[in-house]
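Colleague: Could you work out the structure for the sequence below:
(chains A and B)
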2 protein chains.
Amino acid sequence: MSRYAPVNFPDVKLEGKFWHERLETVLTRTIPSQHRKLGEYGILDSLKLPNPPPPLRFPRHPNGFTVQVFWDSDVGKWIEAASYALAHRRDADIEANIEAAIDDLEKAQAPDGYLNCWYLGREPDKRWTNLRDNHEFYNAGHLLEGAVAYFRATGRRRFLDVMERYLDHIYARFGTGPGQTRGYDGHEEIELALMKLYYLTGDRKHLDFATYLINERGRQPPHYFDVERDLREGGDSKQRYVFGNYEYSQSHKPVREQDKVVGHAVRAMYLYTAMADLAAELGDPALKRACEVLWNDVMETKMYVTAGLGPSAHNEGFTHDFDLPNQTAYAETCASVALIFWAQRMLHLDLDGKYADILELAMFNGALSGLSRDGEHYFYANPLESDGTPTRWDWHTCPCCTMNVSRLVASVGGYFVSTSPDGVAFHLYGGISTQVDVAGTKVALREVSTYPWNGEIAIHVDPASPATFDLKLRIPGWSNGAKVSVNGQALDVAEAVNGYLTINRQWTNGDVVNLDLPMPPVRLYAHPGVIMDAGRVALKRGPLVYCLEEVDNPGGRVQRLKLPRTSQLRAETRADLFDGVVTLKAEALAINEADWNTLYRTTPPVDERATLTALPYYLWSNRGQGSMVVWVPESQQ
Amino acid sequence: MSRYAPVNFPDVKLEGKFWHERLETVLTRTIPSQHRKLGEYGILDSLKLPNPPPPLRFPRHPNGFTVQVFWDSDVGKWIEAASYALAHRRDADIEANIEAAIDDLEKAQAPDGYLNCWYLGREPDKRWTNLRDNHEFYNAGHLLEGAVAYFRATGRRRFLDVMERYLDHIYARFGTGPGQTRGYDGHEEIELALMKLYYLTGDRKHLDFATYLINERGRQPPHYFDVERDLREGGDSKQRYVFGNYEYSQSHKPVREQDKVVGHAVRAMYLYTAMADLAAELGDPALKRACEVLWNDVMETKMYVTAGLGPSAHNEGFTHDFDLPNQTAYAETCASVALIFWAQRMLHLDLDGKYADILELAMFNGALSGLSRDGEHYFYANPLESDGTPTRWDWHTCPCCTMNVSRLVASVGGYFVSTSPDGVAFHLYGGISTQVDVAGTKVALREVSTYPWNGEIAIHVDPASPATFDLKLRIPGWSNGAKVSVNGQALDVAEAVNGYLTINRQWTNGDVVNLDLPMPPVRLYAHPGVIMDAGRVALKRGPLVYCLEEVDNPGGRVQRLKLPRTSQLRAETRADLFDGVVTLKAEALAINEADWNTLYRTTPPVDERATLTALPYYLWSNRGQGSMVVWVPESQQ
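Modeller: Take a look at the predicted model:
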């Protein structure tokens, strides 16, 4: 089978209401407001070397406001997100703001090419002394992603030139050659960024350095972070790593030997993304195998039903199998965004719907929940249950998630369709149009649907001239009873392989493929190892996970509700809510709180009849504070 | 009604098996092993000023081992616990160890009386600069409690003299007089210690200083901690308190105005203990009223069913109403021990069984769970649910809980009986004997029972000569259908007032009172506001809360078990387990784990019939690692 590659997002027009609305919100509200916040909180000023103005005080942070060692990455990520916006629609203000930041970065760059504003401004003699903790490569990676995106959007090379000079400096210093340092970063990121630069330029030195970083990671003895620590703190210092282990940064063993997903969730996802990129690019079976083993480990024991990752705030990451607490779930927005990156790479290693299923799940749930309806508020952690305490932030001491979700939405079109020389594959649905080159001809594609609210999908295939090629349709893993027809002629969906139904025929102008994905609401149950979910049920319809929110279920905390196993779930289209959503309704039981006047008692609570209303999870916390629950207690009758 | 005062613990012999075993374990194993640990970890060496040997490295602590600012308190608490042991049975080794510590403390004391080993050894010029965070009064308080206990046990004054010199130094420096500093400690403790010294010596200056501290707390503006911070950090420093609020130390407003329990749980309990002491001693109705309001707040919204307090590890304390998560419960052992102190003070302010009920609940559950069966392992946090991860420690970076539980058990006899000039009150049962002076005569009392395993209690009342007095029997709030008779003549238990049945008669040698407390296992339900416990049930028998432990319910995590509402709970005496306990059994349902091979699925789990075995909560984690749950899911049938 020919290898598939994604159609670039600017070439995909989002015409369906769902993503069109999100994209417009991000373009018109999120990107500009994020630039304002970067200014207000001193992040843009931190680039103004050698004498940055003092940062403002951060009102929520108990110790006031300090420059953070990884602020360059926030600038890089904003430029990336903003560049994606420009690719959709040029905007003079945004361009001017990007150019101003690039001005500062260019001026800040040291004569030898080094460019890290924390070190240049604060500790110029301490460069490269603490890769374990201080994010120098991570920052470089995010700046590089910004530079690549800006070049792709505008054709302007200046930022890319700055970054290539910086990379030359890095390549000279780090590596396995004589006199070089065999370092790599505690926070993976640059690896996947280098792959983007390699795809852009075709220059093999970037692929080589990414390969070096992946190969070096976890090699020991000696462990690079120990070598570096001894140099930094003196050989007699035995001060241990703050997290006490190298699992935190996935450097406990060489990556090809890793078989359990460990440590900081975002770091892990960025690493695996680069590993999958390299597995494809190098044709490295050991690397591919490691990716598959790690993928299975996440899927079998470590992922929330929302595709949230990393239960623990302590290490911002993974703990042990089945440890998926709901109320205290960290499930950082960044981790679900990065899972999308990884899933996309895996999908293009093997066109298997299991990867697209997770990509879609994370997109519509664990990642999208991180951005408010108004486009200017965020969740960093995405719990699956709330007693009403958490609310969305308008910013965060560590604003990583804010720009991760904006760059995702601004480039979401890039996840819908892939092409190979002789085929087109549809991964996501939701109303798009694009034009692709397949089998030697231009083919206009238009997918029309109101997905994810409805599973009736029409795909108009209009080749410039008749051509024979594969059209691959993802049949989602969650679906049951899908129907497919071409120009009204039914096909046998049972012939789908690995989640894709391949339609090979000669396509001519006017051909229409219809895909009907029934979307009955379903109940999901969790493995009994997930102790918090025992006796509970999650509600899902199509790709959307649902939750109960107090505003839709007034009368007390939503945790009072129980859903009888025999109760019918009804989908209800609500045109009046958030520009139109589908909610779920069911007859339920609710504990009567009125007869309680003690904390504990021997009399059982009294259940009353109630109607339960569930809302898509990604929309929670957009109408004020209140309790919320994804996993609803299920009663037997 | 005459005021009741507790019979001192050495005058109460613990003859019943339950407490006799715990006491012997503490005397023979806990106290000596704690002394070894204080040595091994450098805590005893930290007293050896001016040049203490370097502390050992603490193997579990990621940053190695550092002297802690509050280590004096651990020494004080160990001396207190060890002195209680001596009061039961003199022991030359223990006495020698106490004397050696007192030698060091006496030598360490500064010529002006100051005595804090952290400051004397490390920052001699920084004394009294940070009462908010650095525990100087707290340390003094615990040393003082040790000195009082040692004097009571042995009659030796030396340590008491050292501490009185230190107090003179403190009294000269702090207070409302001219030139004095109006300080108080961020961690309450000295207040209740001063009350103990006042009860011992009758010297009113100690009562006065305790009163000053209570009155000063939370007074503002200016807030003392702000004044102190400005002096310490310069007037322009606006660095905020690490916890960002004064609720953490209950200093957000004057104590008489406080009506919600907030902040660090142990601090709060120590404060309220002293407030209740002072309310009684001063006859201060506003202070008493504040104690009652705070008591109700805890009882109605903030206490675990085990009498654990403080759900959050972040502030080691309280959060918002009904926030009582089970798996992440902090519920520090110290907090339940301190709740016992507070409850005892409240009980002697008003002889009301509701206070004794909580005293008993905390004693048998939230406090006792902190000490292992072998007497040498501990829980600092006492979660109500476990996936098998937590285990008992043999020591802790902050060993506060270890000596709190040993000093409690070594003095537990002091909680059983109180006397007034014309009465005797029994609060707890479990097999004790004592002799008291009541109504002008000596009365030998012997309470015979196998409580808490069985509620059949006989009390032998043998006055030296016939005498008329009240004998008050606590009828526990948890009991139903209690029966009382005197010499075989039944009394009407319905005449009990505030949880105590008063028997006023002429008592003569050979009188026997029988109290029969039926102990059927019961189910407890939590207020629906406790979202984690919705649809769940806790099992209790008599004063003991039960839990399911994996070792008694093999076949997977105990969270797989569900208890049908209609299922009968059976008490089962198990002579083979921990020297004899009563377990609970019931027919239950268990999710079959064998048919699961995915993390989530749409097929409901299959329930199978199973038998559930529950063990008293305080005994959990004494037979290796495994899952545990207190709040068991309840199914309808």
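
Colleague: Quick check: A:L428 touching A:G353?
Modeller: No: in this structure A:L428 lies outside contact range of A:G353 using Cβ atoms under 8 Å: 11.4 Å. Any C-beta I mention is one placed from the backbone N, CA and C, and that applies to glycine too.

Colleague: Give the residues shared as contacts by these two.
Modeller: A:R474 (Cβ atoms under 8 Å, 6 or more residues apart in numbering or on different chains).

Colleague: OK, now which residue of the stretch 401-550 of chain A is nearest to chain B?
Modeller: A:I531 (3.8 Å; Cβ to the nearest Cβ).

Colleague: next one: the stretch 351-500 of chain A
Modeller: A:D387 (5.5 Å).

Colleague: Show the pLDDT at that residue.
Modeller: You'll see A:D387 listed with a pLDDT of 93.

Colleague: is it true that it touches A:Q327?
Modeller: Yes: under the criterion of Cβ under 8 Å, A:D387 makes contact with A:Q327 at 7.0 Å.

Colleague: and those two? which has more neighbours close in?
Modeller: A:D387 (25 against 21; other Cβ atoms under 10 Å in any protein chain shown).

Colleague: who's in contact with that one?
Modeller: Contacts of A:D387 by Cβ under 8 Å, 6+ apart are A:Q327, A:R557, A:Q559, A:S627, B:H320, B:F322, B:D323, B:I531.

Colleague: where does stretch A:449-457 sit relative to the chain's centre, distance-wise?
Modeller: 23 Å (Cα atoms, centre = their mean, to the nearest Å).

Colleague: could you list every residue that touches A:V148?
Modeller: A:V148 makes contact with A:E80, A:L160, A:A193, A:K196, A:L197, A:L200 under the criterion Cβ under 8 Å, 6+ apart.

Colleague: Now name the helix or strand holding it.
Modeller: Per DSSP states H and E, A:V148 falls inside helix A:136-154.

Colleague: Give the buried residues for stretch A:392-411.
Modeller: A:392-393, A:395-396, A:399-411 (16 or more other Cβ atoms under 10 Å in any protein chain shown).

Colleague: ok, which of these also contact chain B?
Modeller: For chain B, no contacts are drawn from the buried residues of stretch A:392-411 by Cβ under 8 Å from any Cβ of the partner chain.

Colleague: And the contacts of the helix or strand of chain A with the lowest mean pLDDT?
Modeller: Lowest on mean pLDDT, DSSP states H and E among the helices and strands of chain A sits helix A:224-233, with a mean of 88. In this structure, residues lying in contact with helix A:224-233 by Cβ under 8 Å, 6+ apart are A:129-132, A:182-184, A:186, A:216, A:220, A:237, A:239, A:241, A:246, A:249, A:251.

Colleague: What subset of the residues you listed is buried?
Modeller: Counted by 16+ other Cβ under 10 Å, those give A:129-132, A:182-184, A:186, A:216, A:241, A:246, A:249, A:251 as buried.

Colleague: From these, which shows the smallest pLDDT?
Modeller: A:Y241 (54).

Colleague: Please narrow the buried residues of stretch A:392-411 to those residing in strands.
Modeller: Among those, no member falls in strands (criterion: DSSP state E).

Colleague: hang on, the earlier thing: which two in the contacts of A:D387 are spaced the farthest apart?
Modeller: Maximum pairwise distance in these, criterion Cβ to Cβ, is 14.5 Å, between A:Q559 and B:H320.

Colleague: quick one: which of these two has more around it?
Modeller: A:Q559 (26 against 15).

Colleague: which SS state does the more buried one fall under?
Modeller: Using DSSP: H, G, I helix; E, B strand; the rest coil, the structure places A:Q559 in helix.
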